[in-house]
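*Asks:* structure, please.
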Amino acid sequence: MNELLIADDHPLFREALRGVVASLFPGTAIYEADRISNLYPLVDDHPDADLLLLDLDIPGAIGFSALVHLRATYPCLPIILVTAHEQARFMRRAMDHGAMGFIPKSIDSHTLGVALQVVLDGGTWLPEIGYCAPGISLDEREVAAKLRELTPQQFRVLQMLSTGQLNKQIAYELNVSEATIKAHMTAILRKLGASNRTQAVLMASHLGLNQDEPQDANTF
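*Replies:* This next block holds a predicted model:
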């Protein structure tokens, strides 16, 4: 492995991952991001990276929407979710949305190494219980397909809209005019088939983690 990208906001966990990767794949160059807004330019700078290890809960990631967007924008980049969520339903949803692997943060370093090698060899890896969970719903699949049509900037606007930010706040953070944000919103509504901002946010929520739903009885 030549290049590995890590997207996680916990410095200690990133340090642990670096240690495991250094021991298993000597010479690998490792690049890190602690939030989604830093991850996109990082991937742009390293388009030929061998793997991306992505934490579902990294700041700025809303459910599986970031995974869906990354798979659409960087289709050749293998993505493994490394997360504290260990329910089978999360595992199956991740794979249905294009992840090449799902690694619970509770696994040992040996299993982590096995999982990384499987994906590097072109396979997929997740705990066995993930294969037993039902696939994503038709609604979720259709929303994911529509989100893949958004440009990177449109997707970022939608993410920020989903956190309750106003047009002027989004414009300030992205360093563009409010008119530009309004133009992005028009395009977002058209591509999603939504009639207003609220409906667009509700559609995007189909890719949320839905942590209020009952958890699977089986965990890894």
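*Asks:* what's the closest non-adjacent residue to the residue positioned nearest the centre of the chain?
*Replies:* Central residue of the chain (Cα atoms, centre = their mean): L67, 2.9 Å from the mean position. Closest residue to L67 in three dimensions, ignoring its sequence neighbours and counting by Cβ to Cβ, 6 or more residues apart in numbering: H97, at 5.2 Å. Using the backbone N, CA and C atoms, a C-beta is placed for each residue, glycine as well.
*Asks:* need the phi and psi values for L54.
*Replies:* Main-chain torsions, L54, degrees, to the nearest 10: phi -120, psi 130.
*Asks:* tell me how many other residues surround it.
*Replies:* 24 (other Cβ atoms under 10 Å).
*Asks:* same check on A179?
*Replies:* Other residues near A179 come to 10 when the count uses other Cβ under 10 Å.
*Asks:* part of a helix, is V82?
*Replies:* No. V82 is assigned strand when assessed by DSSP: H, G, I helix; E, B strand; the rest coil, not a helix.
*Asks:* who are the neighbours in contact with it?
*Replies:* Neighbour list for V82: 8, 17, 53-55, 103, 105 [criterion: Cβ atoms under 8 Å, 6 or more residues apart in numbering].
*Asks:* list just the nearest of those to A204.
*Replies:* L54 (17.9 Å; Cβ to Cβ).
*Asks:* out of everything not next to it in sequence, what's closest to the closest one?
*Replies:* A7 is the one closest to L54 (Cβ to Cβ, 6+ apart), at 4.8 Å.
*Asks:* got phi/psi on the one you found?
*Replies:* Torsion angles, degrees, to the nearest 10, at A7: phi -120, psi 100.
*Asks:* okay, and the beta partners of it?
*Replies:* Applying DSSP bridges to A7 gives these bridge partners: A33, L54.
*Asks:* report the distance from stretch 35-55 to the chain centre.
*Replies:* Centroid separation for stretch 35-55 versus its chain: 10 Å, with Cα atoms, centre = their mean, to the nearest Å.
*Asks:* circling back to that earlier point, count of residues packed around the residue nearest to L67?
*Replies:* 23.
*Asks:* for the residue nearest to the centre of the chain, give its distance to I36.
*Replies:* 11 Å (Cβ to Cβ, to the nearest Å).
*Asks:* next: R93.
*Replies:* 18 Å.
*Asks:* more neighbours, these two?
*Replies:* Shown here are R93 and I36; by other Cβ under 10 Å, R93 has more neighbours (28 against 21).
*Asks:* now V114: which helix or strand?
*Replies:* helix 109-120 (DSSP states H and E).
*Asks:* for that helix, give me every contacting residue.
*Replies:* Outside helix 109-120, the residues that reach it (Cβ under 8 Å, 6+ apart) are 1, 20-21, 23-25, 50-51, 78, 80, 100-101, 103, 107, 124-125.
*Asks:* what packs against the very next helix or strand once past it?
*Replies:* Following helix 109-120 in sequence order, the next helix or strand is helix 138-147 (DSSP H and E). The helices and strands touching helix 138-147, judged by 3 or more Cβ pairs under 8 Å, 6 or more residues apart in numbering; DSSP states H and E, are helix 65-73, helix 178-192, helix 197-204.
*Asks:* tell me the helices and strands packed up against the shortest one.
*Replies:* In this case it means helix 197-204. Against helix 197-204 (3+ Cβ pairs under 8 Å, 6+ apart) you get helix 138-147, helix 152-162, helix 178-192.
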